[in-house]
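Novice: okay, sequence plus prediction incoming.
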Amino acid sequence: MKRGKRYLEDIKKFDRSVQYDRDEAIKIVKSNATAKFDETMELHIRTGCDGRRADQQIRGAVVLPHGTGKTVRILVFAKGPKADEAEAAGADHVGAEELIPRIQNDGWLDFDIVVATPDMMGVVGRLGKVLGPKGLMPNPKAGTVTMDVTKAINEIKAGKIEYRLDKANIVHVPFGKASFTEEQLQENFQAIMDAIVKAKPAAVKGAYLKSVTMTSTMGPGVRMNVARLAN
């Protein structure tokens with residue numbers, strides 16, 4: 001892959017053979033985030049899980065103490081009083097069956113997270129081929145299939161993020177913006193790592209955290225000291 005001039009300059013600012021501790025990695029990545037927009041700070045966590053096995057799946061959610069720095073658009077599938085509750089709680093879009101053709105046929109995807117009441121999952125399931133590949137299907141483990149739509153919406157708007165394994169058994173998660181203070185990034189980072197460590201499946205043999213890389217949207221990745229993170 002051809003890299004830009006700025007990227008090549010940035011990788012000279014730190015030793016790529018070193019595995020850095022949390023605070024030092026944040027300093028490096030934050031200082032390298034010099035794009036004209038507020039870059040997202042990201043974690044890429046390679047695990048020793050075998051995601052093909054049901055007993056080695058990782059999926060859950062965590063509320064970041066300082067949020068993500070991003071305005072999240074929420075779609076809620078609900079009817080009757082629950083639809084009214086969702087609107088009152090600040091959902092960006094609320095609906096039911098009438099949204100299916102809009103999403104399936106018109107390609108409408110002006111939302112970042114989907115929440116649904118349990119009774120609406122039959123409807124939402126018909127959108128599986130559209131929402132599934134984009135990681136938008138509601139899931140009880142992530143708290144997005146619930147009767148308490150007010151709580152779900154409030155947590156999402158407060159900075160709740162979902163984490164899950166991809167096909168390569170890696171977890172990719174944002175943990176803030178480059179404009180955040182180092183302390184805010186440290187606390188958000190720790191909330192995610194604590195959740196990931198706690199979520200370790202009992203069936204995993206050998207190393208659970210194989211590697212952790214911190215990066216920004218446009219910057220180079222900084223490898224982290226896994227032994228320190230796992231404790």
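Specialist: Sure, I can see it. Residues are numbered from 1 along each chain as shown.
Novice: beyond the biggest helix by length in the chain, next helix or strand please.
Specialist: Counting residues, the longest helix found in the chain (DSSP state H) is helix 182-198. Using DSSP states H and E, the helix or strand that follows helix 182-198 in sequence is strand 209-216.
Novice: this protein - how does it break down into domains?
Specialist: 5-67+160-229, 74-158 (automatic domain parsing).
Novice: ok, back up a step: the longest helix of the chain: how far from the chain's middle?
Specialist: 13 Å (Cα atoms, centre = their mean, to the nearest Å).
Novice: that one packs against which elements?
Specialist: Where contact means 3 or more Cβ pairs under 8 Å, 6 or more residues apart in numbering; DSSP states H and E, helix 182-198 is packed against helix 22-32, strand 40-47, strand 59-63, strand 160-164, strand 170-177, strand 209-216. Every C-beta, even on glycine, is put in place using the N, C-alpha and C of the backbone.
Novice: which positions in the fifth one come out as buried?
Specialist: The one in question is strand 170-177. 170-171, 173-177 (16 or more other Cβ atoms under 10 Å).
Novice: measure Ile192 to Thr146 for me?
Specialist: If you measure Ile192 against Thr146 using Cβ to Cβ, to the nearest Å, the figure is 22 Å.
Novice: how about the contacts made by Met147?
Specialist: 82, 117-118 (Cβ atoms under 8 Å, 6 or more residues apart in numbering).
Novice: now do the residue in the chain sticking out farthest from the centre against Val114, distance only.
Specialist: Most distant residue from the mean C-alpha position of the chain: Gly80, 30.3 Å away (Cα atoms, centre = their mean). Using Cβ to Cβ, Gly80 is found at 19 Å from Val114.
Novice: which of the residues in the host helix or strand of Glu85 are buried?
Specialist: In the assignment (DSSP H and E), Glu85 maps to helix 80-89. Within helix 80-89, the residues scored as buried using 16+ other Cβ under 10 Å are 82-83, 85-87, 89.
Novice: so what's the residue count around the residue nearest to Glu182 when sequence neighbours are not counted?
Specialist: Closest residue to Glu182 apart from its sequence neighbours, by Cβ to Cβ, 6 or more residues apart in numbering: Ile26 at 5.6 Å. Using other Cβ atoms under 10 Å, Ile26 has 26 neighbouring residues.
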